[in-house]
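K.L.:
no letters, just coordinates:
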């Protein structure tokens, strides 16, 4: 249990219209308690109130995970027969006197399975979106969290550098992706990567979220690699674009434009500035070069325990950048029927200016 985070949560609940927060297995539960559970057919729910020890409903087989937990948490255990689960949930929830109260949940995380079991115990309760409350806690990373992200960046960069010499004309995107996964593990990443690496070549590189395919890498391709590592539960998320041999002049041009947009976006990250400023700075470079309609996504997103979290770097987001916020800057240009370019770095607000955690070369390196 992280006492300082639980104290901040208690203070946030007291200042909100919610009397409790219900979390099922996932990053926010790990953030507050250090408890890791898989989302499975056996539900796990922890409920936090401002002036009461948290309770947790979990299967009997998971009880040992609480043995070395620091801080108080009250367990309610159930067996393998689902017919008895609702009664255990009711006992846990009634112990907190929450019927008719407002119990915050994370809509992107809470499943109907857990929601139904909670609701049955408090039929008069409301379940508002608690995402803003939770996100405000998680968005500002402490020094330990930043150190973990820094390690994840280092592991990711080392893994791709080790993979680059293996790139050959004729190898498939899947083959390169598999080599990169092996190198990520060798570089110290946990096996639960933040996402499956994106390796996209030629026309596939014009799809920002392409999956590695059986397409063979050809001379003249642009090659986009979007990858990351997980270290101590925190992630990195990087992208570099390479030239496979000599490429067309326009591809060299759009790479240069994206390179300049990336630099502008990194420079725009300042404490107290709106997130929108980062997007505007990067997007303006691409628009002025005549490629604005080919930059089809936001400039960045927060990183931490998840690959996409607060804050989001888009042109209409006026939330200000605060100390400890970690995020990506990843402008791109994607030419339909042609090739695409993206260059992505990881930054954190430390002092007046953002610090860039990634330093892998961004120029158009020739591979293959």
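P.N.:
Sure, I can see it. Only a predicted model underlies this, so the values are computations on that prediction, with no experimental measurement involved.

K.L.:
how far off centre is stretch 254-267?
P.N.:
22 Å (Cα atoms, centre = their mean, to the nearest Å).

K.L.:
now that stretch: buried residues?
P.N.:
254, 255, 257, 258, 259, 260, 261, 262, 263, 264, 265, 266 (16 or more other Cβ atoms under 10 Å). (Each C-beta comes from the backbone N, C-alpha and C, glycine too.)

K.L.:
check which element follows the helix of greatest length in the chain along the chain.
P.N.:
Criterion DSSP state H: the longest helix present in the chain is helix 143-163. Downstream of helix 143-163, the first helix or strand assigned by DSSP states H and E is helix 173-186.

K.L.:
relative to helix 143-163, how tilted is that next one?
P.N.:
Following axes from the mean of the first three to the mean of the last three Cα atoms, to 10 degrees, one obtains 130 degrees for the angle between helix 173-186 and helix 143-163.

K.L.:
average model confidence for helix 173-186?
P.N.:
Average pLDDT, helix 173-186: 98.

K.L.:
buried sites along that helix?
P.N.:
Going by 16+ other Cβ under 10 Å, helix 173-186 has these buried residues: 173, 175, 176, 177, 179, 180, 181, 183, 184.

K.L.:
OK, contacts around the second one?
P.N.:
Residues near residue 175 by Cβ atoms under 8 Å, 6 or more residues apart in numbering: none.

K.L.:
let's see it at 10 Å
P.N.:
Going by Cβ atoms under 10 Å, 6 or more residues apart in numbering, residue 175 touches 166, 167, 168, 199, 212, 214, 216, 217.

K.L.:
right, and the fifth one touches residue 205 too?
P.N.:
Translated: residue 212. No - counting by Cβ atoms under 10 Å, residue 212 does not reach residue 205; the two are 11.6 Å apart.

K.L.:
list residues touching both of the two?
P.N.:
With Cβ under 10 Å, 6+ apart as the test, residue 212 and residue 205 both reach 173, 198, 199, 225.

K.L.:
which residue packs closest to the first one, ignoring adjacent ones?
P.N.:
Read that as residue 173. residue 212 (4.1 Å; Cβ to Cβ, 6 or more residues apart in numbering).

K.L.:
what number of residues lie near the one you found?
P.N.:
Residue 212 has 21 neighbours, counted by other Cβ atoms under 10 Å.

K.L.:
quick check: pLDDT value at it.
P.N.:
For residue 212, pLDDT reads 98.

K.L.:
list the contacts for it?
P.N.:
172-178, 180, 196-201, 204, 225.

K.L.:
let me know the closest of those to residue 35.
P.N.:
residue 196 (25.8 Å; Cβ to Cβ).

K.L.:
now the strands for the stretch 201-350 of the chain?
P.N.:
Remark: strands assigned in the stretch 201-350 of the chain by DSSP state E, counting those that start in this stretch are 222-227, 230-231, 234-235, 238-244, 300-302, 309-313, 326-329, 332-334, 340-342, 345-349.

K.L.:
give the buried residues for the helix or strand that contains residue 354.
P.N.:
According to DSSP H and E, residue 354 maps onto strand 354-356. Buried residues in strand 354-356, defined by neighbour count with 16+ other Cβ under 10 Å: residue 354.

K.L.:
elements contacting it?
P.N.:
helix 143-163, helix 249-267, strand 326-329, strand 345-349 (3 or more Cβ pairs under 10 Å, 6 or more residues apart in numbering; DSSP states H and E).

K.L.:
next, count neighbours for residue 329.
P.N.:
29.

K.L.:
that one contacts residue 275, correct?
P.N.:
No - the criterion here is Cβ under 10 Å, and residue 329 misses it with residue 275 at 11.1 Å.

K.L.:
hey, what's in contact with both of those two?
P.N.:
Joint contacts of residue 329 and residue 275 (Cβ under 10 Å, 6+ apart) are 268, 269, 299, 300, 301, 313.

K.L.:
ok, the residue nearest to the third one when sequence neighbours are not counted - contacts?
P.N.:
Counting by Cβ to Cβ, 6+ apart, the nearest residue to residue 299 once its immediate chain neighbours are dropped is residue 279, at 4.1 Å. Taking Cβ under 10 Å, 6+ apart as the definition of contact, the neighbours of residue 279 are 265, 268, 295, 298-300, 312-317, 329, 331.

K.L.:
let's have those residues in a markdown table, adding distance to residue 352 and pLDDT.
P.N.:
Below are the contacts of residue 279 laid out as a markdown table (distance: Cβ to Cβ, whole Å; pLDDT from 0 to 100):
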| residue | distance to residue 352 | pLDDT |
| --- | --- | --- |
| 265 | 17 | 98 |
| 268 | 13 | 98 |
| 295 | 28 | 98 |
| 298 | 24 | 98 |
| 299 | 20 | 98 |
| 300 | 19 | 98 |
| 312 | 22 | 98 |
| 313 | 18 | 98 |
| 314 | 23 | 98 |
| 315 | 23 | 98 |
| 316 | 24 | 98 |
| 317 | 20 | 98 |
| 329 | 17 | 99 |
| 331 | 23 | 99 |
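
K.L.:
between those residues, which sits nearest residue 242?
P.N.:
Relative to residue 242, and with distances defined as Cβ to Cβ, the nearest of the contacts of residue 279 is residue 331, at 16.9 Å.
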